[in-house]
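Trainee: Here's my sequence, what's the structure:
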Amino acid sequence: MSRNISLTQYLVEQQREHGRITPPLRLLLETVARACKRIAISVNKGALGDVLGTAHTENVQGEVQKKLDVIANEVLIEANVWGGHLAAMASEEMDTISVVPDRYPQGEYLLLFDPLDGSSNIDVNVSIGTIFSVLRKVTNNRGVSEDDFLQPGKQQAAAGYCVYGPQTTLVLTVGDGVAMFTLDREMGSWVLTEDQVQVPADTKEFAINMSNMRHWAPPVKRYIDECLAGKEGPRGKDFNMRWVASMVADVHRILTRGGVFMYPWDKREPEKPGKLRLLYEANPMSFLIEQAGGAATNGTQRILDITPAKLHERVSVVLGSKNEVERVTAYHREAA
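Mentor: Prediction:
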């Protein structure tokens, strides 16, 4: 594969040759990518840029915000508000939607994002990232409401994430497979480094927060117990556990070499179906994983088929290598 294909060239070809995207969507994705470069600069400066530590504020989830959470959120909004390709934005860090002001032209797309996923890792210099999702505005009227965002994930026009690690990598799908772009810091451009990424159907790695084992539902505990039993157990093979506590980093590893990621329901908050946010985290990551040949469910249902009832809806997540996800899902259905 040629290593000289830029993000712009890739998107133009998706528009011109494959008809996958419209010109406004291409411009939107390029704008998001530029915003991610700005966020990457702030992340890389760390303590030198006075961006570490808390902002002494809370988001809508009641979580204490890091300084970089706030900075990343502002960067994404400022970069996208004036371009004419968006009708509104929604963020994990904001109570409600941000509508494009009347002084700017209003476009046909909706942008949703988790501006900085894994922010608990910021101060300890572990990989973090930005997750984003693009929907089409389904109504033609000028006004925008939260209801416009409540679409099942299968209706996403595009999705992706940017992981800020040893390299800064942008991972993107427009419904035609998954492509990875690496930021060339000297040139300031995104360069295609892998196309048509595929997640192996089988794996020997799982990612889950083992400290919560005592709170899990029986199907999850059954699956993990079988993995831990190794060659002597019913699976007949040894498994490794990986857990970064940054969904972007864990999913990036799975896209790179396979595995299964689980953030299940647990009995500490039984009224909540899960911890992760459907619109900002689960939907875009599920779209990417499925486009790479993997699978993603909430334990019983395909995540991309779920119609959200509210903007900050939570969901259980099981995603990654297809055969392992199907096994976990089967255990849940047997227990139902």
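
Trainee: count of neighbours near Val12?
Mentor: 15 (other C-beta atoms under 10 Å). Bear in mind the C-beta positions are built from the backbone N, C-alpha and C, glycine included.

Trainee: That one is in contact with Arg26, isn't it?
Mentor: Yes. With contacts counted by C-beta atoms under 8 Å, Val12 reaches Arg26, the gap being 6.9 Å.

Trainee: ranges for the helices of the chain?
Mentor: Assigned by DSSP state H, the helices in the chain fall at 7-16, 23-45, 67-80, 218-229, 247-257, 283-291, 322-335.

Trainee: Single out the most deeply packed of those helices.
Mentor: Mean neighbour counts were compared across these using mean count of other C-beta atoms under 10 Å; the top stretch is helix 283-291, at a mean of 27.

Trainee: Give the other helices and strands that that helix contacts.
Mentor: strand 128-136, strand 156-164, strand 168-173, helix 247-257, strand 295-297, strand 317-320 (3 or more C-beta pairs under 8 Å, 6 or more residues apart in numbering; DSSP states H and E).

Trainee: ok, residues contacting the second one?
Mentor: Residues from elsewhere that reach strand 156-164, judged by C-beta atoms under 8 Å, 6 or more residues apart in numbering: 21, 25, 29, 32-33, 36, 39-40, 43-44, 109, 117, 127-136, 168-175, 248-249, 251-252, 283-285, 287-288, 304.

Trainee: Indicate each strand paired with that strand and its parallel or antiparallel sense.
Mentor: strand 128-136 (antiparallel), strand 168-173 (antiparallel) (DSSP bridges).

Trainee: got the angle between that strand and helix 67-80?
Mentor: Angle, strand 156-164 to helix 67-80, by axes from the mean of the first three to the mean of the last three C-alpha atoms, to 10 degrees: 140 degrees.

Trainee: distance between strand 156-164 and the chain's centre?
Mentor: On the basis of C-alpha atoms, centre = their mean, to the nearest Å, strand 156-164 is displaced by 6 Å from the centre of the chain it belongs to.

Trainee: can you tell me how far His252 sits from Asp117?
Mentor: For His252, the distance to Asp117 equals 11 Å [C-beta to C-beta, to the nearest Å].

Trainee: Ignore what I typed, I meant Val124.
Mentor: 15 Å.

Trainee: Show me which of those two is the more surrounded one.
Mentor: It is Asp117, of Val124 and Asp117, that has more neighbours when counted by other C-beta under 10 Å, with 29 against 8.

Trainee: Residues in a beta bridge with the more buried one, which ones?
Mentor: Counting by DSSP bridges, Asp117 is bridged to Gly129.

Trainee: doesn't Ala245 make contact with it?
Mentor: No. Counting by C-beta under 8 Å, Asp117 stays clear of Ala245, with 10.3 Å between them.

Trainee: Met126: what's it in contact with?
Mentor: Just to correct that, residue 126 is Val rather than Met. Contacts of Val126 (C-beta under 8 Å, 6+ apart): 118, 244-246, 249.

Trainee: For these, name the two members farthest from one another.
Mentor: Ala245 and Ala249 (8.3 Å; C-beta to C-beta).
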